[in-house]
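Participant: Need a 3D model of the sequence below.
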Amino acid sequence: MNSVCHKFGYRSHATGDLSTNCWWVTLLTFGEGWHNNHHAFQSSAQFGSQWWEVDMTWMTIQLLQSLGLATHVKGQKLQG
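Facilitator: Here you go, the predicted structure:
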């Protein structure tokens, strides 16, 4: 799926590579399809940058954080 996100989709951030955000890959991978966002914010556990970029992995991490099972988690500020 990683190579798909370097060919199909849209780019939210200028990252100096060919990474894209591909919504249908996101459906199959629970958020990993927001690949251009990942390249822009590599140290963030949150891949969805826009309110409409649903990121199930980030939601799971937030749940674990609220239960005290995940700590020191780095996210990014949502845009738009």
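
Participant: Let me see the confidence value for the nearest residue to residue 65 once chain neighbours are set aside.
Facilitator: Sequence neighbours aside, residue 73 is the residue nearest to residue 65 in space, at 5.4 Å (criterion: C-beta to C-beta, 6 or more residues apart in numbering). Any C-beta I mention is one placed from the backbone N, CA and C, and that applies to glycine too. At residue 73, the pLDDT value in this model is 93.

Participant: tell me the contacts of residue 73?
Facilitator: Residue 73 is in contact with 45, 61-62, 65, counting by C-beta atoms under 8 Å, 6 or more residues apart in numbering.

Participant: would you turn the residues you listed into TSV with neighbour count and distance to residue 5?
Facilitator: Listed next are the contacts of residue 73 as TSV, based on neighbours: other C-beta atoms under 10 Å; distance: C-beta to C-beta, whole Å:
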residue	neighbour count	distance to residue 5
45	19	17
61	18	20
62	16	23
65	15	26
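
Participant: Can you classify the residue nearest to residue 65 by secondary structure?
Facilitator: Under DSSP: H, G, I helix; E, B strand; the rest coil, residue 73 falls in the coil class.

Participant: Let me see the backbone angles for it.
Facilitator: Torsion angles at residue 73 (phi, psi; degrees, to the nearest 10) stand at phi -90, psi 130.

Participant: for residue 50, same thing?
Facilitator: phi -100, psi 160.

Participant: My guess is it contacts residue 12. True?
Facilitator: Yes: under the contact definition of C-beta atoms under 8 Å, residue 50 touches residue 12, with a separation of 7.3 Å.

Participant: what about the two, which has more around it?
Facilitator: residue 12 (18 against 13; other C-beta atoms under 10 Å).

Participant: how many other residues sit next to residue 52?
Facilitator: Residues near residue 52, counting by other C-beta under 10 Å, number 9.

Participant: can you check the one 5 residues further on too?
Facilitator: Taking other C-beta under 10 Å as the criterion, the count of residues near residue 57 is 17.
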